[in-house]
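Q: could you work out the structure for the sequence below:
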Amino acid sequence: MKSCFSHIFVWLVIGTIVTIFTLVFSNRYIVPVFPLIVLAIVFFLTKTQRTFINKKPKPIYELEEGIVKIEGTINAPKNFETPYFKQDCIAYVYEEGNITYDSDTGSEHINSTLNKTEFQDFYLSDATGKIKVFITQLNLAFLPAKTDTLHSIKYAVDDIRYTERTLKNGDLISILGYAVKNDNHQFELREQNDKPLVIGTPDFEDKTRKSFKVFKFLMPYFILMYVGVNYFLFAPIKIHIVESAIFPYFAIFGMPISAIILGLMGNRFEGFAKTFLSFLAGTCFSVLFLSFPLICLFYMIKLEFTRIICTWITVFACTTLAFIMNQKRLEGIFEKDTKIL
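A: Numbering: from 1, shown residues only. Alright, predicted model coming up:
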């Protein structure tokens, strides 16, 4: 029975991949499908982050058996030294990778060539007590990384990037794990179901919570944009707009140029003028980011110009409306980050 379900799952995955590729390279039906796929992927990829920030920390003296989150400082007897930066720590994750550059897009890809970890069990303390944390897998993905890139002087030789994440004595962290009682009736923090403990910092929690807030504020306008774009893409349209040869160049190249000019102009002013020009610059960049794939797809499949211009106007209008309605909220979030810096 398990084998049967396994085969069905494999065929479903293959069918989904084939369908997606067919939609991408053949017609406009990818427009309503692709955002839903991206949303589903983001939802599953951020499950751990959402669980971590939504779980309230408990004082050690109030612990009960089960999944808990504890905030405190760490302490361990043994010190390690990281391979590259030579940092003293009680645990670390070290990664070394070759960087390859794509000359066409200017992007870079890191191919990991070496991974190394050293860790130990440690104690976590808060104002109410101390608990021992047992580790068999170390995951420090939510901790800040220290990186350095060694540039090669030889042609066609990859650069090397070194990355280290560490835990040090006295660090203030939060840990999500499973609390169990040992033989001495004292609580210990362990992994559950072969899943590593989730370790983060107050700074990581604060930034992640703000990111989710921004997404929550803008989500209604994304939905409005999704509905509007699909309406103009598939519904009967009685109006006819004469095709413009200038529009694609403006939508693809004019918007980022306008954003840069407006941003530079905004830096020369103060008060309302600076806010207004920065707002326009941000809107131009956002519209470009959201509309660029659509514009490319529409011209590839030779969609009617009326539908192209209507969908672009919908993206522009919804983006502008989203920024106007949430300006104070977004400013409040980013102002706090600036003050911290």
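
Q: buried residues of the biggest helix by length in the chain, list them for me.
A: Criterion DSSP state H: the longest helix present in the chain is helix 202-234. For helix 202-234, a neighbour-count test (16 or more other CB atoms under 10 Å) marks 204-205, 208, 210, 218, 221-222, 225-226, 228-230, 232-233 as buried. Every C-beta, even on glycine, is put in place using the N, C-alpha and C of the backbone.

Q: buried residues in the next helix-or-strand element following that helix, which are they?
A: Heading C-terminal from helix 202-234, the first helix or strand you meet, by DSSP states H and E, is helix 247-249. Within helix 247-249, the residues that count as buried by 16+ other CB under 10 Å are Phe247, Pro248.

Q: what's the answer for stretch 312-319, then?
A: By 16+ other CB under 10 Å, the buried positions in stretch 312-319 come out as Trp312, Thr314, Val315, Phe316, Cys318, Thr319.

Q: how about the second one, nearest residue that isn't a chain neighbour?
A: With CB to CB, 6 or more residues apart in numbering as the measure, Gly228 is the residue that lies nearest to Thr314, at 3.9 Å, once sequence neighbours are left out.

Q: right, and that neighbour touches Phe316 too?
A: No - applying CB atoms under 8 Å, one finds Gly228 not in contact with Phe316, separated by 10.7 Å.

Q: how is this structure carved up into domains?
A: The record's domain split for the chain, according to automatic domain parsing, is 62-200, 207-340.

Q: mind putting these into a markdown table with distance to Phe52 and mean pLDDT?
A: Output for these, formatted as a markdown table (distance: least, CB to CB, whole Å; pLDDT from 0 to 100):
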| stretch | distance to Phe52 | mean pLDDT |
| --- | --- | --- |
| domain 62-200 | 5 | 86 |
| domain 207-340 | 8 | 87 |
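
Q: to Val31, which of these lies closest?
A: Checking the domains of the chain against Val31 by CB to CB gives domain 207-340 as the closest, at 5.8 Å.

Q: returning to that earlier point: of the buried residues of helix 202-234, which is the nearest to Phe44?
A: Ranked by distance to Phe44 (CB to CB), these are led by Thr208 at 16.0 Å.

Q: isn't the closest one right next to Thr51, touching?
A: No - at 11.2 Å, Thr208 does not count as touching Thr51 under the criterion of CB under 8 Å.

Q: check contacts around Phe204.
A: Contact analysis of Phe204 by CB atoms under 8 Å, 6 or more residues apart in numbering lists Phe142, Leu143, Pro144.

Q: Leu172: which of those is nearest?
A: Taking CB to CB as the measure, Leu172 sits nearest to Leu143 out of the contacts of Phe204, at 11.8 Å.

Q: tell me the SS of the closest one?
A: Following DSSP: H, G, I helix; E, B strand; the rest coil, Leu143 is assigned to coil.

Q: so the residue nearest to it when sequence neighbours are not counted: helix, strand or coil?
A: Distances taken as CB to CB, 6+ apart put Arg165 closest to Leu143, at 4.7 Å, once the chain neighbours are dropped. Put simply, Arg165 is strand when judged by three-state DSSP.

Q: quick one: residues contacting the residue nearest to Thr314.
A: Contacts of Gly228 (CB under 8 Å, 6+ apart): Thr311, Thr314, Ala317, Cys318.

Q: picking up where we left off before, secondary structure and distance to Leu114 added to the buried residues of stretch 312-319, as a markdown table?
A: Below are those laid out as a markdown table (DSSP: H, G, I helix; E, B strand; the rest coil; distance: CB to CB, whole Å):
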| residue | secondary structure | distance to Leu114 |
| --- | --- | --- |
| Trp312 | helix | 47 |
| Thr314 | helix | 48 |
| Val315 | helix | 44 |
| Phe316 | helix | 47 |
| Cys318 | helix | 46 |
| Thr319 | helix | 43 |
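
Q: on that earlier part again, can you list the domains of the chain in JSON lines and add distance to Lys47?
A: Output for the domains of the chain, formatted as JSON lines (distance: least, CB to CB, whole Å):
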{"stretch": "domain 62-200", "distance to Lys47": "11"}
{"stretch": "domain 207-340", "distance to Lys47": "12"}
